[in-house]
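Predicted coordinates and the sequence they were generated for:
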Amino acid sequence: MESQRTFLFIGLLLVSFLLFTEWSKEQTAANADTSAVTQQVAGPANNDQADVPASSQADVPMQATVATRSVISVTTDVLAVKIDTRGGDIVEAKLLQHAETHGSDQPYLLLGEFEGKEYFAQSGLIGLNGPDASSQGRPVYQSEQTSYTLNGDELRVPLTFVDSKGVQFSKTFVFKPGQYDVALEYDVTNPTADPVQVQLYTQIKRTVQEKGSMVDQTYLGAAYGTSEEPYEKYSFSDMADANLNKNTQGGYVAFIQHYFVSAWVPGQEKNNTIYSSLRNNNSIIGVKGEATNIQANGTAQLTATYYMGPKDTDALEALHEDLDLTVDYGWLWFISQPLLSLLKFLHSIIGNWGLAIIAITLIVKTLLYPLTKAQYTSMAKMRMLQPKMQALKERYGDDRQKFGQAMMEMYRKEKVNPMGGCFPLLLQMPIFLALFYVFLESTELRHAEFMLWLTDLSSKDPYYVLPILFGASMFLTQKLQPMTVTDPMQQKMMTWMPVIFSVFFIWFPSGLVLYWLVSNLISIAQMLYIYRGMEKKGMKVRG
């Protein structure tokens, strides 16, 4: 296999991959929308109760506390959250340390209602005596304040409700400085003479959405983990096909998007049920705990943790041993994770993400230099054999079998491995792909500045300078490489490859294009160095 054919094949493979994933995205959205329309007809009339999962048992507890529905604001150093007193759901979350868009003063809106879409974190108590199972609708909690601000080591936001039987429910959110995870504590006090049974559920509700662009290959959808399945994606189309119903000890559920994630982590010592549904174009994934019995004059506490923030592997792993898998580096995660650690280390020394990308490119290309040398040496030797190759073609004409036999005999005598230029290139591809997912998944690179016009390495080059320079470097690389492709059609395609790649790279993150450009420039320097060394030995490799 010749080097040019290999490069051409990889280019065509990349184009096919992007086109296929775009088609898959459109099919997924179409399937989810179709299911949503079907289920909308059969949906319940009570919209307030539509989000509440079915209880293992159900009574009709009457509500007694009369409160006016309101929205509570909670502010910490990293979060600005709004909690609806009806149900006690988190209906808005802004990430104060992350801008909505580059250069914007507005914090990133992770949860909320925007552009006709919803993204909420919901929780409640169902079961025989759960207030969220009431036919009158979800409970409206009382709160001593409408606004809370974190000023110490901990901020507790308590919400209270008393049903008609006198059972007291306290729903408390616990915030801590610098943390995107919020603890949920449900305290149930039963002053009556009869036992009370409740069941905790925690879920995430999100309107079905399409992905942003063809080059954005990050996953958008739900995921879950069980004791047997550490990380499983469950897309909108999966929800449209079937509802989840998995029993597990511990576990978690999450919604994943580019750079950010939200997740409910229930008590890990409990037996839980992971479920999903899709109704009225809104998807839900959640966890139901075991039924909890509170005896007469008894109390009980049910807990869970909700994370809403960036894809920080350390913070996620601290909540659940498998939750860091939501930072999805694909099947090359074992390469991506060390590369990300190295990139972070370089940034801690250099202080600039663009320079850190250049540094990691230098390191990778240096480590791969033996492969690169073998590749270019093999290509040069193939170039030297071109006159003999042409003579064989003229000698055997259209007899491809004899030509192939003669060519292999020539390779054997000349001690040339025709695969020598192919294998090194293929061995380097896993590293390139792993870095591709590092750039896509790493929150650290979002809105990261480099210099001059490159003020956001996570977005495309606004003036297309890097893609153009990349195309030029790719063209120069082709000119320096010995041309072994003889088929006129393949030669034309090779000629147009720099233009095709430059067009695709227009929409790629500028950090990724910077990596490929620097990699090409280093390859050109290495190629010139290797060829010069061979020419000193009397081997003409260019002409």
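Received the coordinates, thanks. Numbering: from 1, shown residues only.

Could you say which helix or strand holds residue 527?
helix 510-536 (DSSP states H and E).

Quick check: next helix or strand after the worst-scoring helix or strand of the chain on mean pLDDT?
Least confident helix or strand, the chain: helix 3-42 with a mean of 41, by mean pLDDT, DSSP states H and E. Downstream of helix 3-42, the first helix or strand assigned by DSSP H and E is strand 71-75.

surely residue 79 meets residue 178?
No. If you go by C-beta atoms under 8 Å, residue 79 and residue 178 don't touch, sitting 10.0 Å apart. The way it works is simple: take the backbone N, C-alpha and C, and place the C-beta from them, glycine included.

More neighbours: which of the two?
residue 79 (22 against 10; other C-beta atoms under 10 Å).

Now do the contacts for that one.
For residue 79, the contact set (C-beta atoms under 8 Å, 6 or more residues apart in numbering) comprises 93-96, 175, 180, 182, 308-309.

So what sits opposite it in the bridge?
residue 95 (DSSP bridges).

How many neighbouring residues does the residue nearest to residue 88 when sequence neighbours are not counted have?
Taking C-beta to C-beta, 6 or more residues apart in numbering, and ignoring the residues beside it in sequence, residue 88 has residue 171 as its nearest neighbour in space, at 4.6 Å. By the measure other C-beta under 10 Å, the count of residues near residue 171 is 26.

In this model residue 184 seems to touch residue 171, though I could be wrong.
Yes. At 7.3 Å, residue 171 and residue 184 qualify as touching, with contact defined as C-beta under 8 Å.

any common contacting residues for those two?
Taking C-beta under 8 Å, 6+ apart as the criterion, residue 171 and residue 184 both touch residue 123.

how many other residues sit next to the residue lying closest to residue 70 once chain neighbours are set aside?
For residue 70, ignoring the flanking residues on the chain, the nearest one in space by C-beta to C-beta, 6+ apart is residue 85 at 5.2 Å. By the criterion of other C-beta under 10 Å, residue 85 has 21 neighbours.

sorry, back to before: how about a markdown table for the contacts of residue 79, with pLDDT added?
As requested, those are exported to a markdown table (pLDDT from 0 to 100):
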| residue | pLDDT |
| --- | --- |
| 93 | 96 |
| 94 | 96 |
| 95 | 96 |
| 96 | 95 |
| 175 | 97 |
| 180 | 97 |
| 182 | 97 |
| 308 | 97 |
| 309 | 95 |
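
Among those residues, which one lies nearest to residue 141?
Comparing the contacts of residue 79 against residue 141 with C-beta to C-beta places residue 182 closest, at 16.1 Å.

Report the secondary structure state of the residue lying farthest from the centre of the chain.
In the chain, the residue that sits farthest from the middle, by C-alpha atoms, centre = their mean, is residue 395; the gap is 56.6 Å. Three-state call for residue 395 (DSSP: H, G, I helix; E, B strand; the rest coil): helix.

For the helix or strand containing residue 335, name the packing helices and strands.
If you go by DSSP H and E, residue 335 is part of helix 333-350. With contacts defined as 3 or more C-beta pairs under 8 Å, 6 or more residues apart in numbering; DSSP states H and E, helix 333-350 has these neighbours: helix 353-367, helix 423-441.

can you redo those as a markdown table with mean neighbour count, mean pLDDT and distance to residue 450?
Below are those laid out as a markdown table (neighbours: other C-beta atoms under 10 Å; pLDDT from 0 to 100; distance: least, C-beta to C-beta, whole Å):
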| stretch | mean neighbour count | mean pLDDT | distance to residue 450 |
| --- | --- | --- | --- |
| helix 353-367 | 19 | 89 | 3 |
| helix 423-441 | 19 | 74 | 13 |
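
Looking at the ones you listed, spot the one closest to residue 147.
Residue 147 lies closest, by C-beta to C-beta, to one member of the helices and strands packed on helix 333-350: helix 423-441, at 35.5 Å.

could you point out which element follows the closest one?
Sequence-wise, the next helix or strand downstream of helix 423-441 (DSSP H and E) is helix 465-480.

so for that next one, what's the average pLDDT?
Across helix 465-480, pLDDT averages out at 83.

same deal with stretch 198-216?
So the average pLDDT for stretch 198-216 ends up being 79.

go on, stretch 152-160?
95.

Pull out the buried positions in that stretch.
Using 16 or more other C-beta atoms under 10 Å as the test for burial, stretch 152-160 gives 155, 157-160.

would you turn the residues you listed into CSV with secondary structure and distance to residue 264?
Shown next, in CSV, are these (DSSP: H, G, I helix; E, B strand; the rest coil; distance: C-beta to C-beta, whole Å):
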residue, secondary structure, distance to residue 264
155, strand, 20
157, strand, 17
158, strand, 20
159, strand, 18
160, strand, 22
